[in-house]
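Engineer: requesting a structural model of the entry that follows:
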Amino acid sequence: MADIDTAVKNVVTETTTVSLTPGYEGANIGTYIGFKHVNYLIEKAVIEHFRRQGLPVGGLYERYGLGFDLIDLEARLRGGVFVDDEATLEVKPVTGDDDTAFRFKVTITVLRDGEPKKIVTASAAAVLRRDEDDRRLPGRVPAPAVLDRFTVTALGAPEPGEAVPAAGGDRLPSGGSADRDPVLDRILAGRNGYGWKFRIPYPYVHFFSRMHMSAYLRQMEEAKHRFVDARGISIGAQLAERNWIPAVTHSRIEILGEALLEEDLYTVYTVESIFKNLLYTARMDCYVVRDGRLFQVATGVITHGYGVVEDGNQARVVSWDDRIDRALKGAPGEGA
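Structural biologist: This is a model prediction of the structure:
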């Protein structure tokens with residue numbers, strides 16, 4: 001790595017511009033890239049910023065045992081990113097003198113009709129999480145003092161929440177889920193929402209054990225799908241009947257604590273507000289249970305509308321009808 005003091009100074013002061021193309025996996029709406037993969041681009045751009053400024057995230061772990069983690073990621077989508085786009089991402093540091101996390105503003109610009117168009121504005125925050133298991137890092141050297149203010153021994157420090165009943169049913173297999181559970185009943189009481197229990201599988205973790213930001217993005221997408229399915233207005237049904245697809249305009253996820261490999265994750269998706277018949281905002285909250293008490297490990301919000309996509313990348317927003325409105329407000333839709 002470059003001189004560490006210079007590299008850290010560059011990371012928190014210099015702007016990086018990088019050209020990236022989205023992953024084909026994310027094109028689940030014609031040739032539109034879904035919000036999850038738009039956020040993956042943002043994460044990739046921040047990681048590239050660290051590399052170009054002399055502080056590659058792989059080297060930070062291999063040399064010092066410091067794992068890079070995005071802990072806060074927010075994106076506002078002003079239009080579509082498509083599978084053929086070569087996007088320009090600008091990563092601008094906004095880390096304050098007293099911040100204990102690296103903070104950035106990120107924009108995504110694409111060409112439309114030969115002209116650059118800013119399509120996404122985002123913010124991101126990251127920390128370095130120390131791995132203290134010497135079995136994994138026998139050659140580790142002490143981290144330079146310049147990294148101390150950005151280094152944590154754990155992601156967040158959630159306080160123990162309320163006591164909850166013992167979980168019901170058999171132990172879930174890896175990646176298995178259940179939508180009925182005494183803990184879920186307690187969390188969901190009085191909410192206009194849906195929740196499920198999910199045993200955290202190996203593909204959802206990094207640095208051996210903890211869930212990462214991209215895994216929570218997957219949970220948020222899955223939460224939307226499960227919620228509308230439970231209300232009788234599933235994504236598949238709306239596509240088949242009306243060619244309507246959910247369209248995300250805003251998302252944010254904040255990691256509050258660590259959720260670990262093979263723990264049961266309780267995810268709750270709650271409708272918070274509805275704007276006319278055009279947009280609705282829902283909150284996602286994620287919990288684990290330890291010693292009989294809830295610990296909240298993540299929270300986030302997502303705003304959806306409905307759109308129709310034609311010719312692969314031509315979209316128009318639609319107003320939903322009373323059936324969708326009733327389902328979002330808590331009454332099951334037809335066929336529920």
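
Engineer: domain assignment for this protein?
Structural biologist: Domain segmentation of the chain under automatic domain parsing yields 1-153, 155-336.

Engineer: reformat those as a markdown table; add mean neighbour count.
Structural biologist: The way it works is simple: take the backbone N, C-alpha and C, and place the C-beta from them, glycine included. Shown next, in a markdown table, are those (neighbours: other CB atoms under 10 Å):
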| stretch | mean neighbour count |
| --- | --- |
| domain 1-153 | 17 |
| domain 155-336 | 17 |
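
Engineer: mind putting those into JSON lines with mean pLDDT?
Structural biologist: Shown next, in JSON lines, are these (pLDDT from 0 to 100):
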{"stretch": "domain 1-153", "mean pLDDT": "95"}
{"stretch": "domain 155-336", "mean pLDDT": "92"}
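
Engineer: in terms of secondary structure, what does the helix or strand harbouring residue 120 contact?
Structural biologist: Residue 120 belongs to strand 115-130 when assigned by DSSP states H and E. For strand 115-130, the elements it packs on are helix 35-52, strand 66-77, strand 102-112, strand 151-152, judged by 3 or more CB pairs under 8 Å, 6 or more residues apart in numbering; DSSP states H and E.

Engineer: if you go through the stretch 151-300 of the chain in chain order, where are the helices?
Structural biologist: Here the stretch 151-300 of the chain has its helices, by DSSP state H, counting those that start in this stretch, at 182-188, 213-230, 235-242.

Engineer: contacts for the last one, please.
Structural biologist: So the one you mean is helix 235-242. By CB atoms under 8 Å, 6 or more residues apart in numbering, the surrounding residues in contact with helix 235-242 are 224-225, 228-229, 244-246, 306, 308, 335.

Engineer: tell me the one among these nearest to residue 178.
Structural biologist: residue 229 (15.1 Å; CB to CB).

Engineer: state the distance from that closest one to residue 242.
Structural biologist: Using CB to CB, to the nearest Å, residue 229 is found at 16 Å from residue 242.

Engineer: circling back to that earlier point, angle of the strand holding residue 120 against helix 35-52?
Structural biologist: 70 degrees (axes from the mean of the first three to the mean of the last three CA atoms, to 10 degrees).

Engineer: out of the helices of the stretch 151-300 of the chain, nearest to residue 302?
Structural biologist: Closest to residue 302 of these is helix 213-230 (CB to CB; 5.8 Å).

Engineer: what angle sits between that closest one and helix 35-52?
Structural biologist: Going by the same axes, to 10 degrees, helix 213-230 is angled at 180 degrees with respect to helix 35-52.

Engineer: alpha carbons of helix 213-230, in PDB - could you do that?
Structural biologist: What follows is helix 213-230, C-alpha atoms only, in PDB (Å, rounded to 0.1, in the frame of the first residue of the first chain):
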ATOM      1  CA  MET A 213     -24.800  -4.400   3.200                       C
ATOM      2  CA  SER A 214     -25.600  -6.200   0.000                       C
ATOM      3  CA  ALA A 215     -27.300  -9.000   2.000                       C
ATOM      4  CA  TYR A 216     -29.600  -6.400   3.700                       C
ATOM      5  CA  LEU A 217     -30.500  -5.000   0.200                       C
ATOM      6  CA  ARG A 218     -31.600  -8.600  -0.700                       C
ATOM      7  CA  GLN A 219     -33.700  -8.700   2.400                       C
ATOM      8  CA  MET A 220     -35.300  -5.400   1.500                       C
ATOM      9  CA  GLU A 221     -36.200  -6.700  -1.900                       C
ATOM     10  CA  GLU A 222     -37.500  -9.900  -0.500                       C
ATOM     11  CA  ALA A 223     -39.500  -8.100   2.100                       C
ATOM     12  CA  LYS A 224     -41.400  -6.200  -0.600                       C
ATOM     13  CA  HIS A 225     -42.100  -9.400  -2.500                       C
ATOM     14  CA  ARG A 226     -43.300 -11.300   0.600                       C
ATOM     15  CA  PHE A 227     -45.500  -8.400   1.800                       C
ATOM     16  CA  VAL A 228     -47.500  -7.900  -1.400                       C
ATOM     17  CA  ASP A 229     -47.800 -11.700  -1.900                       C
ATOM     18  CA  ALA A 230     -49.300 -12.000   1.600                       C
END
